[in-house]
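Visitor: curious how this folds, go ahead:
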Amino acid sequence: MRDDKIDVIAFQELNVHRNNLSVIEAHKQTANALGYKLFIAPTAEVSQIGGTAILVSLRMISEGSVATFLHSHPKGNYVRIKLTNPIFGTLYVWSIYAPADGIQRRNLFLKMAAHVNPETLLMGDFNCVEDVALDTRRSANSPYENTGADVLTYIKVYNKLEDQMRCQLGYHFNFTRSESDDTGRYCSTRIDRHYLPQIINHIWDSEITDLLIVNSDHSAIKSTLRSAIPGSD
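Guide: Now for the predicted structure:
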């Protein structure tokens, strides 16, 4: 991470319980040793799958950025911070793990909607896709369980956020998670996404990569903010 000079990292499915203070403290120390400040939203129950975190590089902070904790979901479904930078201003950064249950997922998105604005950066495992035809490939003929996608699309459109990966893919398919079994059944989906804000004089590039992932059945999304002004970095 340090070698790639990644400034902000969002994690999902940490599976760390909020009462396990020694593990949380160990994660903070590890993050600091790697050159990052950790913001974490642990799970509420030991058996619960989930938990989210955001890492902000200490190098970025030393160069004038300010990272401030804002809120964490009581069950660990998201953590939200305010990131103020002398170049691009203020961003509200989220790491989100949406529930697999459709009703819970939709309720989460509905509650999130009031706190998202055009300066928001949403990064997460949303457990649904915006367009089933474009973002899934499956052997099953049954309808894809996609509850809550309409709310997420509304949040994106209303706040003028961009799924840059979809813009780059056009009508082509790519996926961030794939599963299969010995019977030939398979399901590949792009449930992991970044929703990116418009930043004046800057452009975003996104890619799906496995180079940043260890011991995960998901691929990572990497988004890079570049200056749109020729000759500037």
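
Visitor: how about N146: what's its closest non-neighbour residue?
Guide: With CB to CB, 6 or more residues apart in numbering as the criterion, N146 has its nearest non-adjacent residue at 4.8 Å, and that residue is C128. All C-beta spots, glycine's among them, are computed from the backbone N, C-alpha and C.

Visitor: would you map the helices across this protein?
Guide: 21-33, 58-62, 102-113, 132-135, 149-158, 164-169 (DSSP state H).

Visitor: next one: the most far-flung residue of the chain relative to its centre from S139, what distance?
Guide: Computed with CA atoms, centre = their mean, the residue of the chain farthest from its C-alpha average is T183, at 32.0 Å. T183 sits 9 Å away from S139, taking CB to CB, to the nearest Å as the criterion.

Visitor: what is M123 paired to in the beta sheet?
Guide: Beta bridges link M123 to S95, H194, judged by DSSP bridges.

Visitor: that one touches Y97, doesn't it?
Guide: No: if you go by CB atoms under 8 Å, M123 and Y97 don't touch, sitting 10.5 Å apart.

Visitor: which one of those two has more residues nearby?
Guide: Per other CB atoms under 10 Å, whichever of M123 and Y97 has more neighbours is Y97, with 28 against 24.

Visitor: now do the contacts for the residue lying closest to that one once chain neighbours are set aside.
Guide: Of all residues not flanking Y97 in the chain, Q12 sits nearest, at 4.0 Å (CB to CB, 6+ apart). Applying CB atoms under 8 Å, 6 or more residues apart in numbering, we find Q12 in contact with 50-52, 95-97, 124-125.

Visitor: farthest pair in those residues?
Guide: G51 and G124 (12.2 Å; CB to CB).

Visitor: overlap in contacts of these two?
Guide: Residues touching both G51 and G124 (CB under 8 Å, 6+ apart) are 12, 97.

Visitor: what is the neighbour count of A133?
Guide: 10.

Visitor: could you check the pLDDT of it?
Guide: pLDDT for A133: 96.

Visitor: how close does the residue farthest from the centre of the chain get to T136?
Guide: For T183, the distance to T136 equals 19 Å [CB to CB].

Visitor: cool, L211 as well?
Guide: For L211, the distance to T136 - CB to CB - is 24 Å.

Visitor: more neighbours: which of the two?
Guide: When L211 and T136 are compared for neighbours, T136 comes out ahead with 18 against 9, by other CB under 10 Å.

Visitor: the closest residue to H115 other than its chain neighbours: what's it in contact with?
Guide: Using CB to CB, 6+ apart and skipping residues adjacent in sequence, the residue nearest H115 is R80, 7.1 Å away. Counting by CB under 8 Å, 6+ apart, R80 touches 70-72, 92-94, 115.

Visitor: could you redo the last one with a cut-off of 7 Å?
Guide: Going by CB atoms under 7 Å, 6 or more residues apart in numbering, R80 touches 70-71, 92, 94.
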